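Participant: just the structure for this:
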Amino acid sequence: MSLSDTQLRSISGKPYTGKPEIADRDGLSVRISNAGTVTWQYRFRFRSSVGQLTLGRDPDVKLSEARKFVPELRSALANDTDPRVYWKQRNTRRGKVNVRYCCEQFLLKQGSSLKPGTIATYQSCFRVHLFDAFNDRLVDDITLG
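Facilitator: Numbering: from 1, shown residues only. Below you'll find the predicted structure:
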């Protein structure tokens, strides 16, 4: 049976004596301490070995967010990437700049000195040539080649 927000709210932050781990679906589960701390986990099999990844604690990570992480992690597995490595890289990338952000900042800073037709041309070029080709890629990861 899948977990629910109501069930998690009834457990979180209160003394708990039930099962220490409750499964949700697709490898997602919660681990519950005696003090009622709810921690999200993802269990997987990578290259014939069993692995486990901690995704965060409730209420910082909600049920809906945790469920959104699962397809992302399964995709990493399908691409022969260890989900632990993928998760670490994913979370260290926060705050770094991607191509879309650079283009938007360029238009914000230079837009006041440009003609409306020029701004429209830039926006069109960005949309057609950059946004799809560099879909959410970080500027640091793009090489000249």
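Participant: okay, now the unreliable bits of the protein?
Facilitator: Along the chain, the model assigns pLDDT under 70 to residues 1, 93-95, 145.
Participant: quick one: the helices in it?
Facilitator: 5-11, 63-78, 83-92, 99-110, 116-125 (DSSP state H).
Participant: can you add distance to residue 136 and mean neighbour count and give those helices back as CSV?
Facilitator: Any C-beta I mention is one placed from the backbone N, CA and C, and that applies to glycine too. Shown next, in CSV, are those (distance: least, CB to CB, whole Å; neighbours: other CB atoms under 10 Å):
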stretch, distance to residue 136, mean neighbour count
helix 5-11, 29, 14
helix 63-78, 12, 15
helix 83-92, 11, 14
helix 99-110, 7, 13
helix 116-125, 18, 12
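Participant: make TSV out of those helices and add distance to residue 52.
Facilitator: Shown next, in TSV, are those (distance: least, CB to CB, whole Å):
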stretch	distance to residue 52
helix 5-11	19
helix 63-78	12
helix 83-92	9
helix 99-110	33
helix 116-125	45
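Participant: so who does the residue nearest the centre of the chain touch?
Facilitator: Residue closest to the average C-alpha location in the chain (CA atoms, centre = their mean): residue 69, at 5.8 Å. Residues near residue 69 by CB atoms under 8 Å, 6 or more residues apart in numbering: 28, 42, 55.
Participant: residue 143: which of the helices of the chain is closest?
Facilitator: Nearest to residue 143, of all the helices of the chain, is helix 99-110, at 13.2 Å by CB to CB.
Participant: how close does the residue located most distally from the centre of the chain sit to residue 122?
Facilitator: Ranked by distance from the centre of the chain (CA atoms, centre = their mean), the top residue is residue 115, with 38.1 Å. Distance, residue 115 to residue 122, using CB to CB, to the nearest Å: 11 Å.
Participant: do residue 21 as well
Facilitator: In terms of CB to CB, residue 21 sits 52 Å off from residue 122.
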